[in-house]
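Novice: Based on what follows, work out the 3D shape:
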Amino acid sequence: MPKPAVSIAVAALAALAAAGCGPGLRQDTGDRVPTTWSRIPAGEVPVLTGAGGMPAAVGARARTIGALYRSYVLVLENPTSLPGENRLSIDVEAVPDSVLGALTRPDRPFPVPLYTEERLRDTLEREFPGLDADIAPVAGRNRYGDYDYAVAGDATRRCVLAWQLIEDRTRVLPETLSAVRLEWRMCGRDVTAAALLAPFDRLTLTAAPDILDAGSYTPPPAAPLPLAPDR
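Specialist: So this is what the prediction gives:
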């Protein structure tokens with residue numbers, strides 16, 4: 001029995017996609033390679049930096065992978081002598097604007113699930129060398145949903161690493177975005193983990209004009225992050 005014309009067309013399209021050729025399809029995978037990090041003004045990072053007790057920004061950078069992914073790092077002041085950056089990392093994944101774009105989309109630049117046990121252990125050792133670190137037994141929560149975090153420290157120093165994947169396209173994300181991934185790394189002296197997490201709890205993103213309806217969420221009162229100089 002002859003195959004329907006629609007089935008033949010779909011099969012042909014799939015074959016062309018697999019081969020990387022055909023009208024409208026990418027001829028190579030060059031646009032799947034991340035661009036190098038470029039310095040950008042802190043104001044171009046899609047987050048409100050003047051509210052919620054956010055520490056002062058000392059720099060920012062961004063990179064892209066194809067047309068779908070853009071990553072930002074907002075570097076924040078670090079009053080400790082610990083190595084590494086206090087920072088907010090934001091990975092934004094756009095929705096392909098065509099079927100062909102969906103067929104040839106590059107891999108996500110951030111892992112899903114966000115962390116395996118081994119990857120998280122390696123990350124904590126790299127971020128907080130010489131400090132004891134533990135994963136919090138309960139999740140934190142900000143206006144965009146629940147997030148996980150770990151706490152590290154010693155007698156005078158405290159650090160947190162929080163991570164969150166936002167994929168709620170009903171309440172939070174607009175139709176143009178598929179996901180937003182956040183990571184918050186903050187260290188200070190003589191300060192609690194709750195104070196270090198406070199700016200992340202009050203975070204306001206601006207990745208799209210219609211992004212992230214906060215719904216009935218009421219953030220706690222803003223307060224400066226009490227970080228003492230490292231002496």
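
Novice: CA atoms for contacts and neighbours, from now on please.
Specialist: Noted.

Novice: Sketch out the low-pLDDT regions of the protein for me.
Specialist: Low-confidence segments of the chain (pLDDT under 70): 1-32, 50-52, 98-106, 112-113, 209-231.

Novice: Look through it and tell me its longest strand.
Specialist: Counting by DSSP state E, the longest strand found in the chain is strand 177-189.

Novice: Okay, now the sheet partners of it, with direction.
Specialist: Paired neighbours of strand 177-189 in the sheet (DSSP bridges): strand 86-94 (antiparallel), strand 157-166 (antiparallel).

Novice: Including mean neighbour count and distance to residue 181, could those go into JSON lines?
Specialist: Shown next, in JSON lines, are the strands paired with strand 177-189 (neighbours: other Cα atoms under 10 Å; distance: least, Cα to Cα, whole Å):
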{"stretch": "strand 86-94", "mean neighbour count": "22", "distance to residue 181": "5"}
{"stretch": "strand 157-166", "mean neighbour count": "22", "distance to residue 181": "4"}
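
Novice: State the distance from the nearest residue to residue 92 once chain neighbours are set aside to residue 123.
Specialist: Spatial nearest neighbour of residue 92, excluding adjacent residues (Cα to Cα, 6 or more residues apart in numbering): residue 180 at 4.7 Å. Distance of residue 180 to residue 123, computed by Cα to Cα, to the nearest Å: 20 Å.

Novice: When those two are compared, which one has more neighbours?
Specialist: residue 180 (22 against 14; other Cα atoms under 10 Å).

Novice: re the thing from before, what about the longest strand of the chain, distance to the chain center?
Specialist: Taking the mean of its C-alpha atoms, strand 177-189 sits 6 Å from the chain's own mean (Cα atoms, centre = their mean, to the nearest Å).

Novice: The next helix or strand after that strand - contacts with which helices or strands?
Specialist: For strand 177-189, the following helix or strand on the C-terminal side (DSSP states H and E) is helix 193-201. Applying 3 or more Cα pairs under 8 Å, 6 or more residues apart in numbering; DSSP states H and E, we find helix 193-201 packed against strand 140-142, strand 157-166, strand 177-189.
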